[in-house]
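Undergrad: Sequence plus the predicted model coming up.
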Amino acid sequence: MVLTCPNCKKRLIVQAEGSKPYPNPHCDCGATIYLLQSDMRVSRRAFCRAEVELGDGDFSLAIVLSAMAVESELAFLFSKWKMLDARLLPQEVKPSHRSAWEQEFRKMKGVGGKLDHTVQLMTGETFDSFLSRRADLSSRLQKNYTNLGNRCPSKFFVEELFRKRNKILHSGHTESGKAEAEACVKMANSLLQIIADADKERYTRFDEELRSQA
């Protein structure tokens with residue numbers, strides 16, 4: 001994980017193995033940074049590692065990890081909402097449930113299909129329809145991505161992030177530059193934020209559903 005010391009602004013790298021908690025780093029200036037460990041699932045760790053690789057100059061790996069972080073988050077949220085919609089507690093989920101959800105997720109057509117189906121599960125809308133309704137998110141995208149043009153957001157992200165990932169993994173294109181990697185890490189971060197907003201909306205509706213049934 002890449003961190004910036006709040007005192008001296010030095011760039012710090014914090015390492016953890018597997019699912020172990022990140023240690024609270026100590027800067028040379030004497031500052032101790034206390035980390036919040038509650039949201040450190042695989043997708044977040046993959047994105048943190050992408051930022052590290054970007055800073056260390058491994059631009060191709062930064063692109064691969066950025067795309068991996070988004071797909072991992074989609075898979076996690078798809079299974080989570082399948083579980084909650086079935087009114088199952090985590091300890092009630094059987095291997096057969098997980099297998100069925102994983103198969104359903106894998107059968108979705110490409111990353112665009114995974115974006116649409118997962119956001120639809122949470123909001124009842126496709127990825128692009130959700131963004132069209134959320135003017136705050138749409139305007140932020142237009143401002144941050146001047147190369148969006150007339151493309152719908154889902155197509156933009158597929159072409160500009162995931163196809164570049166595919167070129168690396170499938171075609172052996174490993175000559176990615178810094179600007180290209182920075183753009184991909186930025187796009188992955190935007191996607192994770194959009195997906196998180198859809199998740200928040202679903203939680204609000206889920207709470208209302210539970211209260212109405214009480």
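TA: Arrived safely. Being a predicted model, the structure only gives us computed values, none of them experimental.

Undergrad: average model confidence for the longest helix seen in the chain?
TA: Scanning the chain for the longest helix, with DSSP state H as the assignment, gives helix 178-213. Averaging pLDDT along helix 178-213 gives 94.

Undergrad: Quickly note the distance from residue 78 to residue 32.
TA: 38 Å (CB to CB, to the nearest Å). To be clear about C-beta, it is placed using only N, CA and C from the backbone, and glycine gets the same treatment.

Undergrad: So between those two, which is more surrounded?
TA: residue 78 (21 against 10; other CB atoms under 10 Å).

Undergrad: what sits against that one?
TA: 101, 104-105, 114, 117-118, 121 (CB atoms under 8 Å, 6 or more residues apart in numbering).

Undergrad: Could you rerun that using 10 Å?
TA: Applying CB atoms under 10 Å, 6 or more residues apart in numbering, we find residue 78 in contact with 101-102, 104-105, 108, 114, 117-119, 121-122.

Undergrad: what about it, is that helix, strand or coil?
TA: Three-state assignment for residue 78 (DSSP: H, G, I helix; E, B strand; the rest coil): helix.

Undergrad: if I look at it, how far off is residue 46?
TA: Distance from residue 78 to residue 46, by CB to CB: 17 Å.

Undergrad: In helices, which of the contacts of residue 78 appear?
TA: 101-102, 104-105, 114, 117-119, 121-122.

Undergrad: right, and residue 181 touches residue 66 too?
TA: Yes: assessed by CB atoms under 10 Å, residue 181 is found in contact with residue 66 at 8.1 Å.

Undergrad: Which one of those two is surrounded by more residues?
TA: More neighbours surround residue 66 than the other of residue 181 and residue 66, with 30 against 24 (other CB under 10 Å).

Undergrad: Okay, and that one sits in which element?
TA: helix 59-85 (DSSP states H and E).

Undergrad: and that helix, average pLDDT?
TA: 96.

Undergrad: Per-residue pLDDT of residue 17, please?
TA: 81.

Undergrad: Backbone dihedrals for it, both of them.
TA: As for residue 17, its main-chain torsions (degrees, to the nearest 10) stand at phi -100, psi 140.

Undergrad: Doesn't residue 12 belong to a helix?
TA: No: Residue 12: not assigned to a helix; according to three-state DSSP it is strand.

Undergrad: can you count the residues close to the spatially closest residue to it that is not a sequence neighbour?
TA: Among residues not flanking residue 12 along the chain, residue 3 sits closest, at 4.5 Å (CB to CB, 6 or more residues apart in numbering). Residue 3 is flanked by 17 other residues according to other CB under 10 Å.

Undergrad: gap between residue 3 and residue 51?
TA: 10 Å.

Undergrad: do the same with residue 81
TA: 27 Å.

Undergrad: Emit the PyMOL select command for whichever of the contacts of residue 78 are buried.
TA: To isolate the buried ones among those in PyMOL, judged by 16 or more other CB atoms under 10 Å, type:
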select buried, resi 101+105+108+114+117+118+119+121+122
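
Undergrad: and which of the contacts of residue 78 is nearest to residue 148?
TA: Nearest to residue 148 among the contacts of residue 78 is residue 119, at 18.1 Å by CB to CB.
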